[in-house]
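[1] sequence? don't have it. structure:
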């Protein structure tokens, strides 16, 4: 079923023999089915293209996730520094309040407060005795 033809050029030289297959009508249908199958097959260049696109998208998503994570870390660091500053201010205020408390509760301060309010010192001190009869 293969027909051989000799191909000649304009100068008259013979270039070689070309085999041209004879195609019947049944073979033409099957050839079109093959072509259809071939159109659905994936070539290596298609695979490389899709792999490149997929890899690029994956890299883009990972890059965005990394940038988002760095941004969150920076925000948390800023918040931690802000809270640390507030803590230091609170500690300083606590020290000042402790000093004021010590001054206010000192014996000399209490005596001056007693004198300024015109209070009379106690002459006879009486203490209550704990009695077992009160337990009943």
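    Sure, I can see it. What you are looking at is a predicted structure, and each value in this text was computed from that prediction instead of being measured. Numbering: from 1, shown residues only.

[2] now the strands for this protein?
    2-8, 14-21 (DSSP state E).

[3] Give me the number of neighbouring residues for the closest residue to residue 114 other than its chain neighbours.
    Taking Cβ to Cβ, 6 or more residues apart in numbering as the measure, residue 114 lies nearest to residue 121, with 7.6 Å between them; neighbours along the chain are not counted. From N, CA and C alone the C-beta is placed, and that goes for glycine too. For residue 121, the number of neighbouring residues by other Cβ atoms under 10 Å comes to 7.

[4] quick one: residue 121 from residue 113, how far?
    Separation of residue 121 from residue 113 (Cβ to Cβ, to the nearest Å): 13 Å.

[5] And the residue nearest to residue 114, how close does it get to residue 81?
    Taken as Cβ to Cβ, the spacing of residue 121 relative to residue 81 amounts to 55 Å.

[6] residue ranges of the helices in this structure, please?
    Chain-ordered helices for the chain, with DSSP state H as the definition, fall at 25-40, 44-104, 107-116.

[7] which stretch in those helices is the model least sure about?
    Here the lowest mean pLDDT among the helices of the chain goes to helix 25-40, at a mean of 58.

[8] and residue 103, what is it in contact with?
    With contacts taken as Cβ atoms under 8 Å, 6 or more residues apart in numbering, residue 103 has the following neighbours: residue 109.

[9] Name the residues of stretch 43-59 that are buried.
    In terms of neighbour count (16 or more other Cβ atoms under 10 Å), stretch 43-59 has no buried residues at all.

[10] who touches it?
    Residues outside stretch 43-59 that contact it (Cβ under 8 Å, 6+ apart): none.

[11] returning to that earlier point: turn the helices of the chain into CSV, columns for distance to residue 128.
    Converted to CSV, the helices of the chain look like this (distance: least, Cβ to Cβ, whole Å):
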stretch, distance to residue 128
helix 25-40, 105
helix 44-104, 28
helix 107-116, 23
